[in-house]
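>>> Structure for this input, please:
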Amino acid sequence: MSLNLTKRDYEILRTLVRVQLANTQSLQEAFFPTLNPTRKRLALLRSHGYIANHTKGLPGLHIRCGSNYWRITDTGLHLFARQFPKERIPANLVVRTCRASLRFFEHRDGMTACYLALVES
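Residues are numbered from 1 along each chain as shown. The predicted structure follows:
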């Protein structure tokens, strides 16, 4: 069963291509009115293999509290590249993102917030 992707879905994928890792709250604030539809849509994108959870290096307290970080998968990147053939995609993006650590997640959160503020304006 294929998923009909929306413009918002592609923008989520674009965000993950550009910032590598983003948490649920950041994606919700940028793309959704409330948390519940955010979680449902991200779960749907994950179930189709376009995105995956990422917890490498995330302090244990945040994992237990349900802090979810997301990254794009090979499937999601191929889909994104077909939709936006002129978009610049860094070499080995998925491999590098899989290896990325969330030890300093506050820094990543700040960079994501800055990126999303720039594209929203």
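
>>> Any figure for the gap between the closest residue to residue 29 other than its chain neighbours and residue 75?
Excluding its sequence neighbours, the residue lying closest to residue 29 (Cβ to Cβ, 6 or more residues apart in numbering) is residue 116, at 7.4 Å. Where C-beta positions appear, they are placed from N, C-alpha and C, glycine not excepted. With distances taken as Cβ to Cβ, to the nearest Å, residue 116 is found 24 Å from residue 75.

>>> which of these two has more neighbours?
Taking other Cβ atoms under 10 Å, residue 116 and residue 75 do not tie; residue 116 has more neighbours (20 against 14).

>>> Wait, that one touches residue 30, no?
Yes - using Cβ atoms under 8 Å, residue 116 is in contact with residue 30, at 4.5 Å.

>>> quick one on the thing from earlier: return the distance of the host helix or strand of the residue nearest to residue 29 from the chain's centre.
Per DSSP states H and E: residue 116 is located in helix 105-120. On the basis of Cα atoms, centre = their mean, to the nearest Å, helix 105-120 sits 12 Å off its chain's mean C-alpha point.

>>> again, but for stretch 81-100
Here stretch 81-100 is found 12 Å from its chain centre; the criterion is Cα atoms, centre = their mean.

>>> And for stretch 37-44?
Using Cα atoms, centre = their mean, the offset of stretch 37-44 from its chain centre is 12 Å.

>>> again, but for stretch 40-48
For stretch 40-48, the distance from its own C-alpha centre to the chain's C-alpha centre is 11 Å (Cα atoms, centre = their mean).

>>> which parts of it are buried?
Using 16 or more other Cβ atoms under 10 Å as the burial criterion, the residues of stretch 40-48 that qualify are 41-42, 45-46, 48.
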